[in-house]
Each structure stands twice: as C-alpha cells, then as structure tokens.
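Undergrad: Generate a structure from the sequence data that follows.
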Amino acid sequence: MVSEAWRLRAFFGVTKIRRGEENMDATGSGGREPAETKPGKLLLLAVAIVALFIVQRLALFLQRGGSLDSFRPVSGQLFSDDDGVRLKALARLENLEDSKAAQLLPELEAGLGAEPVRKRWYAANAIEKLGPRAARLAPRLAQNLKDQEYIVRRSALMALAGIGPGAYPYIRENLKSYPPNEGELDDGLRAIAEKFPAEGSRFLAEIMQDDALSSLGYTCMDILNTLGETGVNAVRESITKNGLRDFPRQCIATAGNEEMKALLR
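TA: Residues are numbered from 1 along each chain as shown. From the prediction side, this is the model:
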C-alpha cells in the first residue's frame, strides 16, 4: 500500500509538469524567453549606441561653429532661385570631394542648355567653382560663348578660365567667332591670367600673336603688363616660338613695362 507521503509527492510532481507545459505553451520555452530573441536585443542595443555616438558628434560639430548645411545635398540647390541657398551651395563646391563633384557634372551639363537664361548662368557659376574637376564640360561650356545673352557668355568664359589650361584650346577656337563686343571679354581674359598665372600668361601671349584675334591684342598686352616677370617671360617664349609679327610689335611698344619693351631690341 502506497503511503500518503508518496501520493502527495506524486501529485505535486504531476502538477509541476503540467504547469511547465502550460508555461511552454504560452512562451514557447517553458516560461523563459526564446533564445533567438537575444540577438535581436543585441542588434537594437548596437543601433542605439551608434545613434548616440552620431548625436554626440553632431552636437560637438555644431558647438564648434559647424552648420547643418554641410549635411544637405548640394544637387538642386545650385539652381535655386533663392540667392541665399544657391550661394551657400556654391561656397561648398570648392571643398567638395572629387567623387561627389563628378556626380554633379551631368546635372550641370544639362543646365548649360536650360531655360530660362538664369539657369545657364547658375550652371556656369557652379562649374567655375569646381575648376579643373569639371574639365570634361569644357567643350559644351565653350558653346555658350556664342549665346545671345551677355550674362551667359561672360559666365561661360569665367568658368572656362576656372577650369584652366585644359579649356584654353576651346576658348581660343570660340573667341574667333565671338560676338563683336570684345570689351566684355576683359574680365574673362584677366581671370585666365589670375587663376593660373604661368599657363594663363602664355595663353594670352599666344592670343596676341594670333592674327585672327588681333582685336584682343592690346587687351592681352595690358593684362600681361600687370603680371611683371611672369608676363615678360610669357611674351619672350611666344616670340622665340613664333617670331614677332608687326601687330604684336605694336602692342609691346605701348607697354608701360620697360622689360617688356626691351624684348623689341
């Protein structure tokens, strides 16, 4: 005959098993959370830590005088009619990573043929800021030297000057068919010499020797005069290479720079 004590043990043992089964039905793991949820919690914890780090770095950046503008994409802002937005975007281009600058080129190329006129102007302004990084746009940009609008022609020439020596052949070729108001070229020709003094001065000296561009001779001479020894050396190289034609001789004769005049002797 089974004692009363054994009956009680058996009863409570079955009860514990049943309770365990009920808990397992409810949670799937006998009252414990399933093991597979632990990696999920770890992932959430990692994401929270990374987010906290980013927030702290952003707060430090702003505390040191940074601007949220540097986190916004430049694309689109360059064609904004809001001057403040557009000028801030332009200012960021000089320090823009080369890979990101390259991504802007298709949009800027399309802008060179866009309407209204101000869009072509905006595009050229942006290309000028990118400088040599926009060299592949020089052929398309040079076409705007023939635009009917003065502001488009001027901004195109300034942008080509910003690109540098790689754009000089396109400038020279298109200047031959430039609209008759050569006076508007002064700023662009000066920019060529200012942005890249050595290469730019040699380019201006070559223009001065080009009979097809003789109308620009005195302008080029005036600019070369302001460059001191750099300008003198550029003219000397051009004379050595091409000889000295009559018209360049006249231009040099009017120079206020005595070293320049000495090249005639």
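Undergrad: Which stretches in the chain count as helices?
TA: Using DSSP state H, the helices of the chain run over 4-27, 37-63, 83-93, 98-111, 117-130, 138-143, 150-163, 168-175, 186-195, 197-208, 217-225, 229-242, 246-253, 258-261.
Undergrad: ranking those helices by mean pLDDT, which is last?
TA: Of all these, mean pLDDT reaches its minimum on helix 4-27 (a mean of 45).
Undergrad: What number of residues are in the vicinity of the nearest residue to residue 134 once chain neighbours are set aside?
TA: Distances taken as Cβ to Cβ, 6 or more residues apart in numbering place residue 127 nearest to residue 134, at 4.6 Å, with adjacent residues excluded. For glycine as for every other residue, the C-beta is placed from the backbone atoms N, C-alpha and C. By other Cβ atoms under 10 Å, 32 other residues sit near residue 127.
Undergrad: so residue 127 makes contact with residue 164?
TA: No - the pair residue 127 / residue 164 is not scored as a contact, 11.9 Å apart, by Cβ atoms under 8 Å.
Undergrad: do you know how far residue 102 is from residue 169?
TA: Distance, residue 102 to residue 169, by Cβ to Cβ, to the nearest Å: 22 Å.
Undergrad: could the helices of the chain go into CSV alongside distance to residue 75?
TA: Converted to CSV, the helices of the chain look like this (distance: least, Cβ to Cβ, whole Å):
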stretch, distance to residue 75
helix 4-27, 51
helix 37-63, 22
helix 83-93, 9
helix 98-111, 6
helix 117-130, 10
helix 138-143, 18
helix 150-163, 18
helix 168-175, 26
helix 186-195, 25
helix 197-208, 31
helix 217-225, 36
helix 229-242, 38
helix 246-253, 45
helix 258-261, 47
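Undergrad: so which of these comes closest to residue 77?
TA: Among these, helix 83-93 comes nearest to residue 77, with 3.7 Å by Cβ to Cβ.
Undergrad: and that closest one, C-alpha only, in PDB?
TA: C-alpha atoms of helix 83-93 as PDB (Å, rounded to 0.1, in the frame of the first residue of the first chain):
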ATOM      1  CA  ASP A  83      20.100  83.600 -53.600                       C
ATOM      2  CA  GLY A  84      21.000  82.600 -50.000                       C
ATOM      3  CA  VAL A  85      20.500  78.900 -50.700                       C
ATOM      4  CA  ARG A  86      22.400  79.000 -54.000                       C
ATOM      5  CA  LEU A  87      25.300  81.000 -52.700                       C
ATOM      6  CA  LYS A  88      25.800  78.600 -49.800                       C
ATOM      7  CA  ALA A  89      25.800  75.700 -52.100                       C
ATOM      8  CA  LEU A  90      28.300  77.400 -54.400                       C
ATOM      9  CA  ALA A  91      30.600  78.000 -51.400                       C
ATOM     10  CA  ARG A  92      30.600  74.300 -50.600                       C
ATOM     11  CA  LEU A  93      31.800  73.300 -54.000                       C
END
